[in-house]
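K.L.:
predicted model follows, preceded by the sequence.
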Amino acid sequence: MNINIKSNSEWYHGSNLKIDVLRVGSTITQWKELAEAFSHKPTLLSYEENGKITHNGKETGYLYKIDEKITVGEDVEQHPKTTMDANAEFLTKRPLKLQLISIHTIGDKHNEQL
């Protein structure tokens, strides 16, 4: 799958925890649905060439937007041990402020948008 990074696009982080600041070494992505899927803490996750994501996560997930400007190479780097396509996930090189944008529960059609 071809994933293009856009310098002015949003970056996301998914977690099963309520947090305000993301630690160094955490994963972020510009693929919003991937961050949402990871927020459910799956032990297995896969995606198809068309972008459809499948996972076995069961926890309530918190989807965050990174609340500051990100520069690839300076603030984040490609995950060196990822099994995903290039540009799918990056590791943070410094703490980053977060903004909670939604809460997702498994099977809930009415996820809470903040």
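P.N.:
In hand now; what should we look at?

K.L.:
flag every buried residue along stretch 80-90.
P.N.:
Across stretch 80-90, burial judged by 16 or more other C-beta atoms under 10 Å covers Met84, Asn87, Ala88, Glu89, Phe90. Bear in mind the C-beta positions are built from the backbone N, C-alpha and C, glycine included.

K.L.:
got a pLDDT number for the residue most central in space within the chain?
P.N.:
When the chain is reduced to its mean C-alpha position, the closest residue under C-alpha atoms, centre = their mean turns out to be Ala35, at 2.6 Å. Note on Ala35: pLDDT of 97.

K.L.:
any idea how far the helix or strand hosting it is from the chain center?
P.N.:
Per DSSP states H and E, Ala35 falls inside helix 32-39. With C-alpha atoms, centre = their mean, to the nearest Å as the basis, helix 32-39 stands 5 Å off its chain's centre.

K.L.:
just the CA trace of it, in CSV.
P.N.:
Provided in CSV are the C-alpha atoms of helix 32-39 (Å, rounded to 0.1, in the frame of the first residue of the first chain):
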residue,chain,number,x,y,z
LYS,A,32,-6.3,8.3,11.2
GLU,A,33,-8.1,4.9,11.0
LEU,A,34,-4.8,3.1,11.9
ALA,A,35,-4.4,5.1,15.0
GLU,A,36,-8.0,4.4,15.9
ALA,A,37,-7.5,0.7,15.4
PHE,A,38,-4.4,0.8,17.6
SER,A,39,-6.3,2.6,20.3
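
K.L.:
and the very next helix or strand once past it, what does it pack against?
P.N.:
From helix 32-39 onward toward the C-terminus, using DSSP H and E, the following helix or strand is strand 45-47. Using 3 or more C-beta pairs under 8 Å, 6 or more residues apart in numbering; DSSP states H and E, the elements in contact with strand 45-47 are helix 32-39, strand 53-55.
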